[in-house]
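**Student:** no letters, just coordinates:
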């Protein structure tokens, strides 16, 4: 009985998180500071967005040297990570389904405020592939 209650609670909390409006991040093939890795069958994808200050390998090497000098605390995190299990190819995308539409740069630098009705861990990634054709992923934060 106790397990049933816990499972029900987890399900309800998860469902309410996904019912919230989403932050949408729009990018194209040549967008800097975002890496997309997708499984061969396109069912899974992961996104890494470089945090400000860690754009180059030199920046990351310097952070690692400072970390080694400090000791085993505060390992530097170079990216913001997301994973997606839902993938769609769409001929059009309704912007009104997004509470906020951002570029990768604006998202990286946090030059926005989360609207009240959005979840900070749920993101929609939109990749423009052709005129009026998009790949759309519903993703959740790895952090």
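**Tutor:** Ah, there it is. Keep in mind that this is a model prediction, so the values were computed, not measured.

**Student:** tell me the SS of residue 58?
**Tutor:** helix (DSSP: H, G, I helix; E, B strand; the rest coil).

**Student:** can you read off the pLDDT for it?
**Tutor:** pLDDT, residue 58: 93.

**Student:** mind telling me what element residue 68 is part of?
**Tutor:** Using DSSP states H and E, the element containing residue 68 is helix 57-70.

**Student:** what about that helix, distance to the chain center?
**Tutor:** The chain centroid and the centroid of helix 57-70 are separated by 25 Å under CA atoms, centre = their mean, to the nearest Å.

**Student:** direction included, what does the helix or strand just after that helix pair against?
**Tutor:** With elements assigned by DSSP H and E, the helix or strand that comes after helix 57-70 is strand 79-90. Using DSSP bridges, strand 79-90 pairs in its sheet with strand 45-50 (antiparallel), strand 133-141 (antiparallel).

**Student:** what's the average pLDDT for the longest one?
**Tutor:** Which is strand 133-141. 89.

**Student:** ends of stretch 89-102, how far apart?
**Tutor:** 20 Å (CA to CA, to the nearest Å).

**Student:** name the residues that touch it?
**Tutor:** Stretch 89-102 is contacted from outside by 21-26, 112, 114-115, 117-118, 124, 126, 132-136, using CB atoms under 8 Å, 6 or more residues apart in numbering. The C-beta positions use only the backbone N, C-alpha and C, and glycine is treated the same way.

**Student:** in that stretch, which residues are buried?
**Tutor:** Neighbour-count burial for stretch 89-102, counted by 16 or more other CB atoms under 10 Å, picks out 93, 98, 99, 100, 101, 102.

**Student:** over to stretch 44-59?
**Tutor:** Neighbour counts over stretch 44-59 (16+ other CB under 10 Å) mark 45, 46, 47, 48, 49, 50, 51, 54, 59 as buried.

**Student:** thanks again, I'm all set now.
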